[in-house]
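Asks: Sharing a model prediction with you, sequence too.
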Amino acid sequence: MALLLRTHYDLAKSSLKRNRSRSFLTCLGISIGVASIILILSLIGSVTNLISTQVASIGSDLIVVRPTSTRSTVDSVISELTTSTQYLKSNLTLKDVATIEKIEGVATASPLAVSVNSLHGETETTVPSATVVGTSSAFLKIQNLSLKNGTFLREDSETPTAVIGTKLANALFGTSEPVGKTLSLLGQRFIIVGVLAEVDDPINFNNIDLDNAVFVSASVLNNIDNSLQIQQINIRTETTDSVKQIAETIKERLVASKSGDTNFAVLSGDDITHPAGSLMFIVSGILTVVAGISLIVGGIGVMNIMLVSVAERTHEIGIRKAIGASSSNILLQFLIEALILSLSGGLLGFILGYGLSFLLCLITPFNPFISWQILAITFGVSLGTGLLFGLYPALKAARKNPIYSLKFWG
Amino acid sequence: MSEEATNEVIIKLEGLSKRFGYGDAASYALKNFNLEVKRGEFIMIMGPSGCGKTTLLNIIGLLDTPTSGSYLLNNEPASRISPRLQARLRAKKIGFIFQNFNLIPNLPIIENVALPLVYSGYHKTRRLIRASETLDRFSLKEKEYYYPYQLSGGQQQRAAIARALVNKPEIILADEPTGNLDSRSSSLVMEELKQIHNEGNTIIMVTHNPALTSYATRVINMLDGAIDTDIKTVKDSDLPVPVEKKTPKKFFKKRKNNSKKKKGKK
């Protein structure tokens, strides 16, 4: 059997070599489809890696509470995405933050009330849609952030204070050192007391671009904005040993204090990245379907060329059958030819896809991502395409009547 | 081995018919055809176009199936041989020679000649060595890496005969092998066939040329799908004995045993 396969491989190779340009163009069809899939998978891998690295760097003593539907079904994930987190009705309150802080083992906790509002500077400058984060003084410590200058929010401050991201400071005041200046938000004036050091990390588990946000005290924000929504509570534990156990306690206490309301999730470790993972899952699903369509087009190209090849070589099929080839021999010969086309297309697509993802990584904050799973998917997809689209022409060749074929001069 | 056993009947056709078309459009290429072929015979089949000569060769060569009647190949009903085994028989036991040579144009001569060995499970090196040896016999060794279009008609036909013989078949079926050749090339090809016959092979050849009947041991004239005349020019007892003794019966038994073994393994 191995000898026969080897022989068929040699036959297929020489037949493909005879029509080099035709074979190359057919391969190209497959490789474009495979390259799109590789590109998408590689980018998804890069994003997931980026977020995981961030969570790892923040530390394993981090717990996050988010308002949520159960997140176990695709429907809930989709509704979450379509409604956007800003508009999702949150059941978390500042009282919950206080409840959490009292729990044994919790070092500190800070709320994240993210909204989009217009900001006015001292002059006419206005930023129409800036990210406003209502939080507490603990945020700086929990996020391991540092300040470029000034101080962070202080709970004991009598006047409303604000800390601003570097990029937003530049947009609003034309300088990255606006400490002492004031900004107006919802009719309330805030004094800038500090500027965050530039992070350049637009994709993170908080869903906030820290360089483009202004941070104010959640309690002050609550006074001027009645519809304040807390989208997340970030918690640091005292030790890394019993994080899961503390998360459980937090959940129990919150359920008790909220009269049995369970529409929130207490997440720790890798689970923190899951909302981002779900988003990527859906986006990647849609993109993969699009890439799959281009692969089908490539596959139809393989089928088309193989049908042409079978028609051209009808006489040869007749001769081979007359001198001893069985139908399965002919089937195998043409199927192997289709497989060589699709697998070489797959290989070319793999190289092309990675080349493109490397290029894309030059202009994005991602690092190129390579894994054996992607390699296996490439191989599987190419093999599947070859088999699926090569089988019909091969069957057609195998079923040819030798007498008719011998009389046929293409 | 006795002489009688050597010249056993290897092909037996009884009441064989082949119909093309249905109903009013039906026509018979072969009608109630009976024939017995003994090992070592050189049969020349003649007759007008459309009398069923090629259909007869196709049925004997297991490329076609009769509409009715029986065909025994080495006492085994052909209808009971599986398509897979039929293909193996065509590769190992039957050699085809065609009027238009039927060489694959984009393969060099040596690979064309080695083609039946591909389907008999030979390794590439062994295939090429054996094909080269066979081509040497037909004085084509120095042209083994030429492509068919680079050879003359006579050389192409000799290469085609080499291909038919490379697996040392027992039956050679030739469909007007000299039809496309000039008289000089024709006589060269016929001398080759005569040589092959003298080695004990059975040859059934279709021709339109009455001058070639001198090479045959039996001349059959066909008319409208049936035998018109059947003349034996050589006694059965004078037929050549195969150089290498092979018994086709054993071949069948071996295959059967093999298939049983395979089933047993499963």
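Replies: Perfect, thanks for sending it. Numbering: from 1, shown residues only, chains lettered A, B, ... in the order given.
Asks: hang on, isn't A:Ser342 packed against A:Gly390?
Replies: Yes: using Cβ atoms under 8 Å, A:Ser342 is in contact with A:Gly390, at 7.1 Å. C-beta coordinates here come from the backbone N, C-alpha and C atoms, glycine included.
Asks: what touches both of those two?
Replies: Jointly contacting A:Ser342 and A:Gly390 under the rule Cβ atoms under 8 Å, 6 or more residues apart in numbering or on different chains are A:Val302.
Asks: any residue of the helix or strand harbouring A:Gly386 up close to chain B?
Replies: Using DSSP states H and E, A:Gly386 sits in helix A:372-398. No: Helix A:372-398 is not in contact with chain B by Cβ under 8 Å from any Cβ of the partner chain; minimum separation 10.6 Å.
Asks: what packs against that helix?
Replies: Judged by 3 or more Cβ pairs under 8 Å, 6 or more residues apart in numbering or on different chains; DSSP states H and E, the packing partners of helix A:372-398 are helix A:20-58, helix A:274-312, helix A:327-363.
Asks: Out of the ones you listed, which is closest to chain B?
Replies: Closest to chain B of the helices and strands packed on helix A:372-398, according to Cβ to the nearest Cβ: helix A:327-363, at 6.0 Å.
Asks: Quick check: buried residues in that closest one?
Replies: Neighbour counts over helix A:327-363 (16 or more other Cβ atoms under 10 Å in any protein chain shown) mark A:327, A:329-350, A:352-354, A:356-357, A:361 as buried.
Asks: what about whichever residue of the stretch 251-400 of chain A sits closest to chain B, which SS state?
Replies: The stretch 251-400 of chain A approaches chain B most closely through A:Gly324 (2.4 Å), counting by Cβ to the nearest Cβ. At A:Gly324, secondary structure determined by DSSP: H, G, I helix; E, B strand; the rest coil is coil.
Asks: What separation do you get for it and B:Ile104?
Replies: Distance of A:Gly324 to B:Ile104, given as Cβ to Cβ, to the nearest Å: 14 Å.
Asks: before we move on, what about A:Pro111?
Replies: To B:Ile104, A:Pro111 is 79 Å away according to Cβ to Cβ.
Asks: Could you dump the helices and strands packed on helix A:372-398 into TSV with distance to chain B added?
Replies: Shown next, in TSV, are the helices and strands packed on helix A:372-398 (distance: least, Cβ to the nearest Cβ, whole Å):
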stretch	distance to chain B
helix A:20-58	13
helix A:274-312	11
helix A:327-363	6
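Asks: Please render these as CSV that adds mean pLDDT to the earlier fields.
Replies: CSV is the format used below for the helices and strands packed on helix A:372-398 (pLDDT from 0 to 100):
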stretch, mean pLDDT
helix A:20-58, 84
helix A:274-312, 83
helix A:327-363, 91
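Asks: Dump those into CSV; add distance to A:Ser405 as well.
Replies: Converted to CSV, those look like this (distance: least, Cβ to Cβ, whole Å):
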stretch, distance to A:Ser405
helix A:20-58, 22
helix A:274-312, 10
helix A:327-363, 10
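Asks: Skip the chain neighbours and tell me the closest residue to residue 233.
Replies: You didn't say which chain, so I picked chain A. Nearest residue to A:Ile233, sequence neighbours excluded (Cβ to Cβ, 6 or more residues apart in numbering or on different chains): A:Val65, at 4.2 Å.
Asks: That was the other one, I meant chain B.
Replies: Using Cβ to Cβ, 6+ apart, the closest residue to B:Thr233 is B:Thr217 (5.8 Å).
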